Structures are given as structure tokens and as C-alpha cells.
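K.L.:
Here is a sequence with its predicted model. Questions after.
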Amino acid sequence: MPRLRTILLLAVAVASAGVTTAGANRWLEAQREKTLPASAPVIVKNPTTRVLVAAADLPAGQILRAQHLQWADWPAEGVKDDFVRQGDEGDGFEGAVVRSSLLAGEPVTDRRIARPGDRGFLAAMLTPGYRAVSVEVDAATGIAGLVFPGDRVDVVLTHVISQEDQGPRRRASETVLQNIRVLALDQRVDDQTGKPLVAKTATLELTAKQVELVTVAAQLGRLSLSLCSLASAEDGAVEQHPAKSFTLDSEASSLLSLKPAQRPKAREEQVTVIRGSDNQSRKFPVGWKP
């Protein structure tokens with residue numbers, strides 16, 4: 001009997017030791033897992049290709065600059081034949097015009113861009129619903145070549161007006177158009193150098209009604225361009241039908257508002273003309289040259 005009891009106690013002790021050992025091993029394993037860093041998941045990257053995309057939302061008619069475009073990674077399997085890949089002539093789009101609007105991050109393609117010299121290049125620059133018309137300018141009327149494509153100008157007409165009472169013909173100037181966008185000068189639609197260049201024609205962006213107005217004005221007299229402030233152009237749209245502004249010649253010269261009897265006479269100098277034995281004295285305006 002004592003022998004059996006001893007055997008049972010030994011069996012219980014062995015079983016308890018086994019349970020304790022197993023529990024200790026599990027606890028040690030758990031502590032080891034907490035101290036060891038978790039292994040990073042393996043990410044398989046799909047191959048990509050660098051393509052040219054819009055750096056920001058670009059509306060139709062936008063003249064492209066370097067800051068408007070950027071290179072971005074694109075899934076290689078999604079790259080189409082008309083995408084511009086890095087290594088291609090991506091810089092060739094400098095000075096081009098957006099045909100149809102591009103969203104930021106959207107790939108640039110030849111179908112969405114018109115380059116200088118391409119058919120429809122000027123039409124792509126036009127705001128929808130507007131027209132392009134050219135007017136003659138020179139160094140004086142074109143602000144000495146300091147107007148560039150993209151600037152905004154007022155169009156001023158100077159012409160002669162007749163008096164119904166058969167008085168002297170009078171001159172006047174009036175602003176016929178305001179805040180008009182310049183599309184091109186001669187055949188230049190963009191300026192890369194910033195150097196003044198006197199043009200012979202300026203192409204303006206006008207509504208259909210404004211085209212009729214400026215065409216008639218060009219037949220009445222001389223058209224001049226008046227450069228608008230860049231700040232005023234950024235403030236927002238101006239009135240489509242602003243109040244008309246004009247100036248008569250009498251406002252520029254106070255002498256013209258005087259009656260003929262009140263006007264000062266021009267200074268004269270007396271000259272003696274000798275022809276053989278005949279002497280004659282005649283008066284000429286000062287500074288007169290034959």
C-alpha cells in the first residue's frame with residue numbers, strides 16, 4: 001500500500017512538472033514574439049514608366065510654360081502610344097497651346113496640344129465664342145513694341161469729325177474697346193525672349209459684335225493700343241459694355257476753344273525781297289522755310 005501511494009505521488013509530480021514546463025515554454029515564446037520586430041510585408045512593385053503630365057488644371061487656350069508640365073510615374077501596362085515618355089522631346093511643348101482642357105496629373109498627348117505652326121493653333125487659343133481679328137499698328141500705336149501676346153489693351157480711335165455749321169473740322173479720340181486680349185503680334189503668338197519688337201499687325205480676341213465695331217473704326221481713323229495693368233486684368237472680368245469715353249481736340253488745346261478773333265496771332269518776321277530794282281517787304285511766320 002505505501003508503495004502504491006509513492007508511485008501515485010511520483011506520477012502526479014511528473015504530470016505537474018510537465019504542465020508547468022509547457023506553460024513556461026508558451027510564456028517565453030510569447031515574450032520572444034513581442035520583443036522581435038515584425039517582419040515587413042513583401043510588396044511587389046509593378047513596373048512604371050515616366051510620362052509627361054499636367055502639373056495643374058490647364059484650360060483650353062492656355063499657353064504652356066515649363067511650370068505647367070511635369071514628369072510622373074505611370075504603370076507601364078497603361079502607357080499608350082501617344083503618351084510622351086521621359087527621353088522623348090518633352091521640351092517641345094514649351095509655347096504650345098492646350099486644345100482641350102487637361103486635369104492635373106493627366107498625360108499630355110499631341111491630340112490635346114497644338115504647337116506653333118500647327119493647323120488650328122490660333123483657333124485653339126481663342127476663348128469659346130470669340131473671334132480673332134488683326135489691326136494695323138506701328139511703333140507709336142503699338143506702344144513701341146512693348147505689347148506682347150497675352151497682354152490686355154484698350155483700343156482707342158482718333159479721327160476727324162466735321163461740323164454741321166460748316167465750321168473748321170475737329171479731331172477727337174475715343175475708347176472703342178476695353179480690356180481686350182492680344183493673341184498675336186505679326187505671326188508671333190508667344191514671346192520667349194521678352195525683347196521689344198515693333199510689329200505691323202496686332203491680332204485681338206473679340207466677340208462677333210466687337211469685330212464689327214473695330215472693323216468700322218479702322219476705316220474711320222487711326223487705331224492705337226493702350227496697355228492695361230496686369231493687376232486690373234487679374235481682378236476679374238470687366239463690363240461688356242463700359243461707358244464710352246472720348247476727348248475732343250479742344251480739351252487737348254485750349255486755343256481751339258477760343259473764337260478766331262481771340263486766338264493769338266502767330267509771330268512773324270519781315271523779309272525784304274529784292275528783284276532787280278524792285279524791293280518788296282513781306283511777312284512770314286517765324287521758322288518758316290521755303
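P.N.:
Thanks, I have it. Everything numeric here is computed off the predicted structure, so don't read it as measured data. Residues are numbered from 1 along each chain as shown.

K.L.:
just the strands in the stretch 101-250 of the chain please.
P.N.:
113-114, 131-136, 152-161, 170-185, 201-206, 222-227, 245-248 (DSSP state E, counting those that start in this stretch).

K.L.:
Partner strands of the shortest one, with direction?
P.N.:
According to DSSP bridges, strand 113-114 forms sheet pairs with strand 97-98 (antiparallel).

K.L.:
Likewise for the fifth one?
P.N.:
In the sheet containing strand 201-206, its partner strands are strand 131-136 (antiparallel), strand 170-185 (antiparallel), by DSSP bridges.

K.L.:
List the buried residues of it.
P.N.:
Along strand 201-206, these residues count as buried under the neighbour rule (16 or more other CB atoms under 10 Å): A202, T203, L204, E205, L206. C-beta: built from backbone N, CA, C; applies to glycine.

K.L.:
Return the closest of those with respect to R119.
P.N.:
T203 (16.7 Å; CB to CB).

K.L.:
Now do the contacts for P75.
P.N.:
Taking CB atoms under 8 Å, 6 or more residues apart in numbering as the criterion, P75 is in contact with N46, P47, T48, T49.

K.L.:
Show me the beta-bridge partners of it.
P.N.:
T48.

K.L.:
looking at this protein, which helix or strand is least sure?
P.N.:
Lowest mean confidence among the helices and strands of the chain (mean pLDDT, DSSP states H and E): helix 230-234, at a mean of 59.

K.L.:
For the buried residues of strand 201-206, give me TSV that also has distance to T215 and pLDDT.
P.N.:
Converted to TSV, the buried residues of strand 201-206 look like this (distance: CB to CB, whole Å; pLDDT from 0 to 100):
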residue	distance to T215	pLDDT
A202	14	88
T203	14	89
L204	11	93
E205	15	92
L206	10	93
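
K.L.:
I'd like the residues you listed laid out as TSV, including distance to T109.
P.N.:
TSV is the format used below for the buried residues of strand 201-206 (distance: CB to CB, whole Å):
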residue	distance to T109
A202	32
T203	27
L204	30
E205	26
L206	31
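
K.L.:
Low-confidence stretches in the stretch 151-290 of the chain?
P.N.:
Across the stretch 151-290 of the chain, the ranges flagged by pLDDT under 70 are 163-168, 187, 189-196, 231-244, 249-250, 254-268, 284-290.

K.L.:
about what we covered before: right, and out of the buried residues of strand 201-206, which lies closest to A140?
P.N.:
Nearest to A140, judged by CB to CB, of the buried residues of strand 201-206 is A202 at 13.0 Å.

K.L.:
ok so, going back, show me the one in the contacts of P75 that has more neighbours than the rest.
P.N.:
Greatest neighbour count in the contacts of P75, by other CB atoms under 10 Å, goes to T49: 16 neighbours.

K.L.:
okay, now T20: neighbour count?
P.N.:
Neighbours of T20 using other CB under 10 Å come to 10.

K.L.:
OK, contacts around it?
P.N.:
Not one residue lies near T20 by CB under 8 Å, 6+ apart.

K.L.:
Give me the pLDDT for it.
P.N.:
T20 carries a pLDDT score of 72 in this model.

K.L.:
Wait, a helix at it?
P.N.:
Yes - according to DSSP: H, G, I helix; E, B strand; the rest coil, T20 belongs to a helix.
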